[in-house]
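Peer 1: Make a model of this:
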Amino acid sequence: MAGGWGMVPILVCSAIALAIILERFWSLRRSTVMPSGLGDEVRKWAQSRSLDANHLRTLAENSPLGELLAAALTVRNRSREEIKERLEDTGRHVAHRMERFLNSLGTIALIAPLLGLLGTVIGLIRMFLAVMVSGVGDPMKMAGGIGEALICTASGLIVAIPAYILHRYFRGRVTGYCMDMEREASALLDSLSTQPPRPASNASRAAAPATAPRPARATR
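Peer 2: Here you go, the predicted model:
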């Protein structure tokens, strides 16, 4: 109340920033993004070739890393270039989802000091208007305007500094996850590329053309 109506947008920004921070701490846990041992398990699945649509759907819903690896396994029978292209495309979508709400948090870190400055200016304007009406003989009105200005400034900085620090922290965490996921995807890509081709089935062997018989030698 002492900060005036300029405190209202600052308090709204602080509530939104707090909600984003709690949600990102929960969503960007390592056990949620990159479950331990998932990469080794998926490579074993790929080598055993015991994959079906249910395996891939469950893997894609498991975690962001599982979604990336499932995208590679979906096109595992294609060329290395096509698998790599699918990994890159899926990786961009996964990274975008991991960065969700971070732009909003960065915006709050940017505008919170500006809102505090706005409240400061409004408090100073009120102080000078009070001086114009009643002169300098009433120090209480001057003190009220100065107090309102300082409270808004301090509140804006209190919201902005933690928001900026945590925004940079979450950016760094997402970047680290992307590097680890890229390493796991490269290992799976190498594993898929070194697998021997599947043997031809009986139907394909039967459909293959038979070797032409040699012509009989002419008899004298």
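Peer 1: C-alpha from now on. contacts and neighbour counts both.
Peer 2: Will do.
Peer 1: burial count for V174?
Peer 2: V174 has 18 neighbouring residues, counting by other C-alpha atoms under 10 Å.
Peer 1: what's it in contact with, if anything?
Peer 2: 28, 95, 98-99 (C-alpha atoms under 8 Å, 6 or more residues apart in numbering).
Peer 1: change it to 6 Å
Peer 2: Contacts of V174 were listed using C-alpha atoms under 6 Å, 6 or more residues apart in numbering, and none were found.
Peer 1: which secondary structure element contains it?
Peer 2: Element membership for V174 (DSSP states H and E) is helix 139-193.
Peer 1: Same check on L51?
Peer 2: Here L51 is assigned to no helix or strand, by DSSP H and E.
Peer 1: how close does it sit to F170?
Peer 2: Look at L51 and F170: by C-alpha to C-alpha, to the nearest Å, they are 35 Å apart.
Peer 1: ok, these two, which is more surrounded?
Peer 2: F170 (18 against 14).
Peer 1: For the more buried one, give its distance to Y164.
Peer 2: Between F170 and Y164 the computed distance is 10 Å (C-alpha to C-alpha).
Peer 1: can you pull out the helices in this protein?
Peer 2: Remark: helices assigned in the chain by DSSP state H are 7-27, 30-33, 38-48, 53-62, 64-74, 80-98, 102-134, 139-193, 202-207.
Peer 1: hey, which of these is tucked in deepest?
Peer 2: When you average the neighbours per residue for each of the helices of the chain (mean count of other C-alpha atoms under 10 Å), helix 64-74 leads with a mean of 24.
Peer 1: Can you show me the CA trace of that one as PDB?
Peer 2: This file holds the C-alpha atoms of helix 64-74, laid out as PDB (Å, rounded to 0.1, in the frame of the first residue of the first chain):
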ATOM      1  CA  PRO A  64      12.100 -35.800 -24.000                       C
ATOM      2  CA  LEU A  65      15.100 -38.100 -24.600                       C
ATOM      3  CA  GLY A  66      12.800 -41.000 -25.200                       C
ATOM      4  CA  GLU A  67      10.900 -38.900 -27.800                       C
ATOM      5  CA  LEU A  68      14.200 -38.100 -29.600                       C
ATOM      6  CA  LEU A  69      15.300 -41.700 -29.600                       C
ATOM      7  CA  ALA A  70      11.900 -43.000 -30.700                       C
ATOM      8  CA  ALA A  71      12.000 -40.600 -33.700                       C
ATOM      9  CA  ALA A  72      15.300 -42.300 -34.800                       C
ATOM     10  CA  LEU A  73      13.900 -45.800 -34.300                       C
ATOM     11  CA  THR A  74      10.800 -45.000 -36.300                       C
END
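Peer 1: Show me what it is packed up against.
Peer 2: helix 53-62 (3 or more C-alpha pairs under 6 Å, 6 or more residues apart in numbering; DSSP states H and E).
Peer 1: Okay then, goodbye and thanks.
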